[in-house]
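# No letters, just coordinates:
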Ligand SMILES: *Cc1c(COP(=O)(O)O)cnc(C)c1O
Ligand SMILES: [Zn+2]
């Protein structure tokens, strides 16, 4: 058996949909989640079966939505290393800090996981052309997987994004359109041509499968820690597929009974002070987030003024006893320099923001020195050159 997927379900209103047809959002406007027959699966598969499998996220194929193996479009994504911190952790007194290094993915960021799943499942359901707005990394990943699948890809990107991001998309043969403004403006510009040409929308959480790819980060962490979970995980958060995917994976792992002495990790969302809609909503005790006015940060993946999954991000944070925190540009730049100098890792600024946040939280005693901490290094620093 490959996939144990049974259907799609709305986490807000509970409506169900077929996973054999194309769907974007629920009729109520919420993202949709893939559901699996976890009871049947737990009777057939145990964590011990997973050790000798393919070195990519496809080792978790039963928990992924693609039904026929020939529809899998893979560049060997996932299976990224967990690297022990050499100096940043010890310097701030943390006993156990590990980096999940997502820069090892195809196109250099964790976006590969999500777009690999979105493109593979879209292909299974007969899609020929996809489109998405992007802050940079999602566009490159979508373009790469679309090229490999023989699909056409239309990318809408803010015009001030560093040029390597658009060059990369064009190299993969994508149709790239530069838009004045932010990712929200790029999304608005996309609507008319998308409807006119019936492109399939693979925007963050507007189709159900990018989050399925992202959830494999948490499955890998569990396996890499011998089926234990860390106490705290930090996620640089923009659209929220990373943190929502991890939260969903935790629920599935709990139901499967694969984790020893299951305890929900505290999920921490990190945003930039110049664009922190989730942090503001978290601090106000709100269930949804209002759009951030005049977003300003060069952590491009965090420059998301409005996230469609805001209510799911906030639920993931609160139900896991986590929190949301914002960091300024200067602390992020410092942390980025420090990661290169102290760890030998030239990381994306979004990930550096998470390091800056962690230092703040340990300093305030909110993350304790004895806690096991995993920090998501979401991407490589190589594409972020301004020229
Ligand atoms: C997209 C992106 C993020 C934000 O991830 P979400 O899943 O959208 O919250 C963080 N870091 C990098 C490098 C990214 O490309
Ligand atoms: Zn609904």
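Received, thanks. Note that the structure is predicted; figures quoted are calculated from it, not measured. Numbers count the residues shown, from 1 in each chain. Ligands and ions are numbered 1, 2, ... in the order given.
# Need the three-state assignment for the most centrally placed residue in the chain.
When Cα atoms, centre = their mean is applied to the chain, the residue found nearest the centroid is residue 242 (2.8 Å). Using DSSP: H, G, I helix; E, B strand; the rest coil, the structure places residue 242 in helix.
# For it, give its distance to residue 229.
According to Cβ to Cβ, to the nearest Å, residue 242 stands 16 Å off from residue 229. C-betas here are computed from N, CA, C, even on glycine.
# where does the nearest residue to the residue nearest to the centre of the chain once chain neighbours are set aside land in three-state SS?
Distances taken as Cβ to Cβ, 6 or more residues apart in numbering place residue 235 nearest to residue 242, at 4.8 Å, with adjacent residues excluded. Here residue 235 takes the strand state, with states given by three-state DSSP.
# thinking again about what came up before, the residue nearest to the centre of the chain: what's it in contact with?
110, 214, 217, 235-236, 376, 378 (Cβ atoms under 8 Å, 6 or more residues apart in numbering).
# can you do 10 Å?
102, 110-111, 113-114, 211, 214-215, 217-218, 233, 235-236, 267, 269, 301, 313, 316, 350, 376, 378 (Cβ atoms under 10 Å, 6 or more residues apart in numbering).
# Could you do residue 152 as well?
127-131, 146, 173-175, 197, 199.
# distance of it from residue 130?
In terms of Cβ to Cβ, residue 152 sits 8 Å off from residue 130.
# Look at the residue in the stretch 251-387 of the chain positioned nearest to ligand 2 and say how many residues are nearby.
In the stretch 251-387 of the chain, the residue found nearest to ligand 2 is residue 311; the distance is 11.4 Å by Cβ to the ion. Neighbourhood size, residue 311 [other Cβ atoms under 10 Å]: 19.
# Leaving aside the residues adjacent along the chain, what's closest to it?
Residue 311's closest residue in space is residue 288 (Cβ to Cβ, 6+ apart), at 5.0 Å.
# what about the one you found, is that helix, strand or coil?
Residue 288 is classified as coil under three-state DSSP.
# so it makes contact with residue 281?
Yes: between residue 288 and residue 281 there is a contact at 6.6 Å, judged by Cβ atoms under 10 Å.
# so what sits against both of these two?
307, 310-311, 313-314.
# ok so, going back, next structured bit after the host helix or strand of the residue of the stretch 251-387 of the chain closest to ligand 2?
Assigned by DSSP states H and E, residue 311 falls within helix 310-319. The helix or strand immediately downstream of helix 310-319 is strand 323-327, counting by DSSP H and E.
# And that following strand, what does it pack against?
In terms of contacts (3 or more Cβ pairs under 10 Å, 6 or more residues apart in numbering; DSSP states H and E), strand 323-327 is packed against strand 232-236, strand 266-272, helix 277-284, helix 310-319, helix 349-363.
# Would you give the sheet partners of it, along with the direction of each?
Its sheet considered, strand 323-327 pairs with strand 266-272 (parallel) by DSSP bridges.
# who's in contact with the closest residue to residue 384 other than its chain neighbours?
Distances taken as Cβ to Cβ, 6+ apart place residue 162 nearest to residue 384, at 5.6 Å, with adjacent residues excluded. Contacts for residue 162 (Cβ under 10 Å, 6+ apart) come out as 136, 298, 300, 383-387.
# Might you quantify the distance of stretch 368-377 from its chain's geometric centre?
18 Å (Cα atoms, centre = their mean, to the nearest Å).
# I meant stretch 59-76, not that one.
18 Å.
# now the end-to-end length of that stretch.
Taking Cα to Cα, to the nearest Å as the measure, stretch 59-76 stretches 11 Å from start to finish.
# Mind listing what's buried along it?
By neighbour count on 16 or more other Cβ atoms under 10 Å, the buried set for stretch 59-76 is 59-66, 71-74.
# Which one of residue 288 and residue 281 is surrounded by more residues?
residue 281 (21 against 12).
# Need the pLDDT of that one.
Note for residue 281: predicted pLDDT of 98.
# Not counting residues beside it along the chain, what's closest to it?
residue 289 (3.8 Å).
# same thing with residue 26?
Using Cβ to Cβ, 6+ apart, the nearest residue to residue 26 is residue 10, at 3.8 Å.
# number of nearby residues for that neighbour?
18.
# thought it was touching residue 29?
Yes: using Cβ under 10 Å, residue 10 makes contact with residue 29 at a distance of 9.4 Å.
# Which positions in the chain make contact with ligand 2?
Remark: the part of the chain in contact with ligand 2 comprises 10, 12-13, 15, 26, 28, 30, using Cβ under 5 Å from the ion.
# Could you tell me which residues of the stretch 151-300 of the chain lie near ligand 1?
Within the stretch 151-300 of the chain, the positions adjacent to ligand 1 are 204, 236-242 by Cβ under 6 Å from any ligand atom.
# farthest pair in these?
204 and 236 (13.8 Å; Cβ to Cβ).
# for the stretch 151-300 of the chain, what spans make up the strands?
Taking DSSP state E, counting those that start in this stretch, the strands of the stretch 151-300 of the chain run over residues 152-158, 175-179, 200-201, 232-236, 266-272.
# quick one, what contacts the nearest residue to residue 87 once chain neighbours are set aside?
Residue nearest to residue 87 in three dimensions, not counting chain neighbours: residue 342, with 4.0 Å by Cβ to Cβ, 6+ apart. Residue 342 is in contact with 85-91, 355, counting by Cβ under 10 Å, 6+ apart.
# In helices, which of the residues you listed fall?
Judged by DSSP state H, helices contain the following of these: 88-91, 355.
# Off-centre distance for stretch 296-307?
In terms of Cα atoms, centre = their mean, the centre of stretch 296-307 is set 14 Å apart from its chain centre.
# Between the two ends of it, how far is it?
16 Å.
# Give me the buried positions along it.
297-307.
# Kindly reformat these as CSV and extend each row with pLDDT and distance to residue 158.
Output for the buried residues of stretch 296-307, formatted as CSV (pLDDT from 0 to 100; distance: Cβ to Cβ, whole Å):
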residue, pLDDT, distance to residue 158
297, 97, 12
298, 95, 12
299, 96, 13
300, 95, 8
301, 96, 12
302, 97, 13
303, 97, 8
304, 97, 11
305, 97, 11
306, 97, 14
307, 97, 16
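# Good, wrapping up.
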